[in-house]
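Chemist: Fold the following for me, if possible:
(one chain, ligands or ions: 1)
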Amino acid sequence: MELQIYLDGKWYPKSEAKISIFDHGLLYGDGVFEGIRAYDGLVFKLDEHLKRLWESAHTLMLTIPMDVKAMKVAILETLRKNQLMDAYIRVVVTRGVGDLGLSPWLCKKATVFIITDKIALYPKSLYQKGLEIITVPTVRNLPEAVNPSIKSLNYLNNIMAKIEAKNGGCMEALMLNHQGYVAECTGDNVFMVKKTGKGQTVKDYILLTPPTYLGALKGITRQAIIEIAERIKLPFEERIITRHDLFNANEVFLTGTAAEVIPVVKIDGRGIGEGKPGKITSMLLKDFQALTHKDGVRYTL
Ligand code: PXG
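Modeler: Below is the predicted model:
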């Protein structure tokens, strides 16, 4: 059976799910989206994702033409129609159909679509071996311009960075903000682990990530990792991070809905720590995976 797509209140087979070429999501990237995961019949952090979707839309003065409850029903029904217990869920809200001018007020109603499918962002082996990343020349959007906290359909900043990473032979890019501080990657937040003691217990380490006001998305996975750190008493701080700090970290890893927790073992040619995934990263990944199979909105097919 073809994949069933939710579009404005109805479900269509993938080949028939179509939107207007006058949709401002397409013409201007005027819209918002979320990427959500379902694990074994549990939608992970659904409320958090929908809260972020509504907040992004609010900043853009984009009215989502349904309430949160109806959105949840639509998401769960799309999962059921596609018989998916494990899935990547993409929720997209665009400004809707307008004319060739920028004016968003000429778009009468927002377009809403939901895709549920499988995703494998990185090959499994990379989670064991670790990823190599590279700093790219394109700086992360200024919070004063297009705030990276808005999960908008305008991803050119990240796509430029992704292209530059590939040109440099890497799958992911490290993006700095306009001041030269570490912001995030193209679709993931960045963390580092620094040893502060002998390394015998978690208390001998500190987990660090840049504050999001320096130019990063407030990642849902980022927040889940911070909460795990608090629970296991791993010291944590939001701190300004430079490339020098990352080069000399004991461990570096990225977090995101698609990537989950992926270790980074090389940055700009410098080996990180022992050049292989570290034990704190592995511990956090294990706890995160346990959480995804325990916590969430349950559905049945
Ligand atoms: N930063 C950015 C810029 C993102 O787009 C994250 C961090 C991680 O946030 P969450 O909430 O997922 O932990 C994201 C989200 C992709 C892709 O194909 C990634 C995202 C969205 C769409 C596509 O890599 N990431």
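
Chemist: Show me the helices in this protein, by range?
Modeler: 24-28, 46-59, 68-81, 124-129, 156-167, 220-231, 243-247, 279-292 (DSSP state H).

Chemist: Highest mean neighbour count out of those helices?
Modeler: Comparing these by mean neighbour count (mean count of other Cβ atoms under 10 Å), helix 24-28 ranks first with a mean of 21. Every C-beta, even on glycine, is put in place using the N, C-alpha and C of the backbone.

Chemist: Show residues contacting that helix.
Modeler: Residues from elsewhere that reach helix 24-28 (Cβ atoms under 8 Å, 6 or more residues apart in numbering): 19, 21, 30-31, 92, 94-98, 100, 102, 104, 107, 111, 153-154.

Chemist: how about a cut-off of 10 Å?
Modeler: With contacts defined as Cβ atoms under 10 Å, 6 or more residues apart in numbering, helix 24-28 is touched by 19-21, 30-33, 62, 92-104, 106-107, 110-111, 113, 152-154.

Chemist: Identify whichever of the helices of the chain lies nearest to the ligand.
Modeler: helix 220-231 (3.2 Å; Cβ to the nearest ligand atom).

Chemist: Run through the neighbouring helices and strands of the closest one.
Modeler: If you count contacts as 3 or more Cβ pairs under 10 Å, 6 or more residues apart in numbering; DSSP states H and E, helix 220-231 packs onto strand 31-39, helix 46-59, strand 189-195, strand 205-209, strand 236-238, strand 251-256, strand 260-267, helix 279-292.

Chemist: Make JSON lines from the ones you listed and add mean pLDDT to it.
Modeler: JSON lines is the format used below for these (pLDDT from 0 to 100):
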{"stretch": "strand 31-39", "mean pLDDT": "98"}
{"stretch": "helix 46-59", "mean pLDDT": "98"}
{"stretch": "strand 189-195", "mean pLDDT": "98"}
{"stretch": "strand 205-209", "mean pLDDT": "98"}
{"stretch": "strand 236-238", "mean pLDDT": "98"}
{"stretch": "strand 251-256", "mean pLDDT": "98"}
{"stretch": "strand 260-267", "mean pLDDT": "98"}
{"stretch": "helix 279-292", "mean pLDDT": "97"}
